[in-house]
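Q: structure for this input, please:
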Amino acid sequence: MIKIAIIIGSTRPGRNGEAVARWVHEIANRRSDAEFEIVDIAEYDLPLLDEPMGAASEQYTKSHTKNWSKKITSFDGYVFVTPEYNHATSGALKNAIDYLYKEWNNKAAGFVGYGANGGTRAVENLRLIMGELMVADVRAQVALSLFTDFKNFSDFKPESFQEESVNKVIDQVISWSNALRVLRNIE
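A: Below is the predicted model of the structure:
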């Protein structure tokens, strides 16, 4: 069965991403077409990229990188839950992505963004990154507004229509993850 990671893309204290990821996971777990797991980058304690060789070499020397690699390798696709900081994704998520290369290849990714403008610019930033990593990013996305989906900018209360958006993202991530399986099996 296809395995999809729901990746919390922020390590900031008091972050909104954890509540958003739990909500996405709750919606996903009502399905029977894939397995879903929340992956919190904060749990991997990844310092600013500290490997001496580039990720494409797969010559990892640090235990945190090896653990991160093992976790990311175990999935067929990803749903990134990303905040928008200064028109981009978080530095922590970019750093976590940059630790690896081949582990991301020939998989699918969807996005749940949140911020003043629904995290749309962070998602656009991630789409560029995914292309370089040979990840098929899906068209559907979730855009959660701090003004309408959060009370007082921190208490997560998503609008009811957002659940349909989550399911569209998941539908597409599962479809593409299945389609790309043949490429993953070639390598």
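
Q: and whichever strand in the chain runs longest, which strands flank it?
A: Assignment by DSSP state E gives strand 135-145 as the longest strand of the chain. Using DSSP bridges, strand 135-145 pairs in its sheet with strand 107-115 (parallel).

Q: tell me the contacts of Thr89?
A: Thr89 makes contact with 9, 80, 82-83, 122-123, 125-126, 129, according to C-beta atoms under 8 Å, 6 or more residues apart in numbering. Every residue, glycine included, has its C-beta placed from N, CA and C.

Q: coming back round to it: name the residues that touch the following helix or strand past the longest strand of the chain?
A: Next along the chain after strand 135-145, taking DSSP states H and E as the criterion, comes strand 150-151. For strand 150-151, contacts defined as C-beta under 8 Å, 6+ apart pick out 16, 114, 144, 156-157.

Q: among those residues, which two are most distant?
A: Pairwise distances across the contacts of strand 150-151 (C-beta to C-beta) peak at 12.3 Å, for the pair Tyr114 and Lys157.

Q: and the residue nearest to Val20 when sequence neighbours are not counted, helix, strand or coil?
A: With sequence-adjacent residues excluded and distances taken as C-beta to C-beta, 6 or more residues apart in numbering, Val20 is closest to Val81, at 5.1 Å. With DSSP: H, G, I helix; E, B strand; the rest coil as the basis, Val81 sits in strand.

Q: picking that back up, just among the contacts of strand 150-151, which is most surrounded?
A: Tyr114 (28 neighbours; other C-beta atoms under 10 Å).

Q: which non-adjacent residue is nearest that one?
A: Once flanking residues are discounted, Tyr114 sits nearest to Leu144: 3.9 Å by C-beta to C-beta, 6+ apart.

Q: coming back round to it: got the contact list for the longest strand of the chain?
A: Counting by C-beta under 8 Å, 6+ apart, the neighbours of strand 135-145 from elsewhere in the structure are 20, 24, 78, 104-120, 123, 126-127, 130-131, 150, 158, 162, 165-166, 168-169, 171-173, 176, 180.

Q: give me the most central residue, this protein.
A: The centroid of the chain falls nearest to Phe80 when counting by C-alpha atoms, centre = their mean (1.9 Å).

Q: got a pLDDT number for that residue?
A: Per-residue confidence (pLDDT) for Phe80: 98.

Q: quick one, what contacts it?
A: Neighbouring residues of Phe80 by C-beta under 8 Å, 6+ apart: 7, 9, 89, 93, 109-112, 126.

Q: related to what we said a few turns ago, now the contacts of Thr89 as TSV including distance to Asn29?
A: Listed next are the contacts of Thr89 as TSV, based on distance: C-beta to C-beta, whole Å:
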residue	distance to Asn29
Gly9	20
Phe80	18
Thr82	21
Pro83	23
Ala122	25
Val123	23
Asn125	28
Leu126	24
Ile129	27
